[in-house]
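J.: Here is my input; please provide its structure:
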Amino acid sequence: MLITGMAGAGVTTVLKTLEDLGWETVDSVPLSLLTRVVALPPDSGETPRPLAFGFGTRTRNFDPAAVLRRFEQLREEPGVEVGMLFLDCSEGELARRFAETRRRHPLADDRPAADGIALERRLLEPLRARANRLIDTTRLTSNQLAQEIRRTFRRDGTVGTTLTVESFGFARGVPAGVDLVFDMRFLRNPHWVPELRPRTGLDPEVAAYVAADPAYDEAVGRIEELLLLLVPRYHAEGKPYVTVAFGCTGGKHRSVHVAERVGRRLREAGFCPTITHRDLAAAPQDALEGRPSRQ
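T.: Presented below is the predicted three-dimensional model:
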């Protein structure tokens, strides 16, 4: 797919989004190399990934007539399916974007951005007329444009959001890069039961002890419902990684059990979470656990 359009209309956003969807992307490739790049064989026996080429008036040797000739040549190549996406935007919105980012228009180094925008529109008009897809980004934010591209070009088998459910101990710090943190220290603590202390939240006896807390069922159930609401929305927004962390004091009992339970619930709902326990192997210490809570 050839991707072009007005400078500031979102070509870079489209290329980054397609790359996240598994496309191979090339930005500002010299047009003389376009046919050669398409003809390159894949590196392995795998099915080649779709290719996206971004270009515009800043591309070396840019010539709209030459682009259209190469476009038609590619259409005649056996086994090659080619399309052209044009990103348009109103003059006023483009001028606002250039003013907001304090960038100069590529065709108006020493003139107002409006002059460059008008010249660029005239140069690109033949490509706009020939494109088989057109997106007007005047009223779209970058995020909304990315959503539109994901809806239009997502393929079966595309990797979605990578979901991680993690347990940890607050005594050793909150893990870096966590999106959602839930504190399980309100649940009664198996550390203060001598026969449970050396065990972990993976043991049925520990799980049963934690689950017997009067607040357990309602609290954990509400957390699960919240995640079932939020995770699909993160996915729809194109967030590639989501990490949900459950913490308790030492990271061996309560947080481990709850992470396992919530991970199972997410799997039952059709998600594929990876469950990790950061502090499971850490040695238990009374000094870290504080005073015993009511049992």
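J.: And the residue nearest to residue 243 when sequence neighbours are not counted, what's its pLDDT?
T.: When the adjacent residues along the chain are set aside, residue 243 lies closest to residue 164, with 4.4 Å between them (C-beta to C-beta, 6 or more residues apart in numbering). Quick note: C-beta positions are derived from backbone N, CA and C, even for glycine. For residue 164, the model assigns a pLDDT of 89.
J.: other SSEs contacting the helix or strand encompassing residue 262?
T.: Applying DSSP states H and E as the criterion places residue 262 in helix 254-268. Packing partners of helix 254-268 (3 or more C-beta pairs under 8 Å, 6 or more residues apart in numbering; DSSP states H and E): strand 162-169, helix 204-211, helix 216-236, strand 241-248, strand 274-277.
J.: what's the closest of these to residue 98?
T.: helix 216-236 (30.1 Å; C-beta to C-beta).
J.: hmm, who's touching that closest one?
T.: By C-beta atoms under 8 Å, 6 or more residues apart in numbering, the residues outside helix 216-236 that reach it are 147, 160-161, 163, 179-180, 182, 186-187, 210-211, 242, 244, 258, 261-262, 265-266, 269, 271.
J.: make it 10 Å
T.: Residues from elsewhere that reach helix 216-236, judged by C-beta atoms under 10 Å, 6 or more residues apart in numbering: 147, 150-151, 160-161, 163, 165, 179-180, 182, 184, 186-188, 210-211, 213, 239-242, 244, 246, 254, 257-258, 261-262, 264-266, 268-271, 273.
J.: if I look at the residue in the chain sticking out farthest from the centre, how far off is residue 243?
T.: In the chain, the greatest distance from the average C-alpha position (C-alpha atoms, centre = their mean) is reached by residue 194, at 44.9 Å. Separation of residue 194 from residue 243 (C-beta to C-beta, to the nearest Å): 34 Å.
J.: With residue 197 instead?
T.: Using C-beta to C-beta, we find residue 197 at a distance of 28 Å from residue 243.
J.: what's the average pLDDT for the helix holding residue 262?
T.: Mean pLDDT, helix 254-268: 94.
J.: Check stretch 22-34 too.
T.: 81.
J.: Could you check it and say which residues are buried?
T.: Residues of stretch 22-34 classed as buried by neighbour count (16 or more other C-beta atoms under 10 Å): 23, 25, 29, 31, 34.
J.: and the two most separated of those residues?
T.: Using C-beta to C-beta, the buried residues of stretch 22-34 reach their maximum pairwise distance at 23 and 31, which is 19.4 Å.
J.: one step back: Throw the buried residues of stretch 22-34 into TSV and include distance to residue 202, thanks.
T.: Shown next, in TSV, are the buried residues of stretch 22-34 (distance: C-beta to C-beta, whole Å):
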residue	distance to residue 202
23	41
25	43
29	52
31	59
34	56
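J.: Which of those fall within helices?
T.: Counting by DSSP state H, those place residue 34 in helices.
J.: from the buried residues of stretch 22-34, which ones fall inside strands?
T.: Counting by DSSP state E, the members of those that fall within strands are residue 25.
J.: low-confidence ranges in the stretch 151-295 of the chain?
T.: By pLDDT under 70, the weakly predicted segments of the stretch 151-295 of the chain are 155-160, 283-295.
J.: Repeat the analysis, applying 90 as the threshold.
T.: Applying pLDDT under 90 to the stretch 151-295 of the chain picks out residues 151-164, 172, 175-177, 234-241, 267, 270-275, 280-295.
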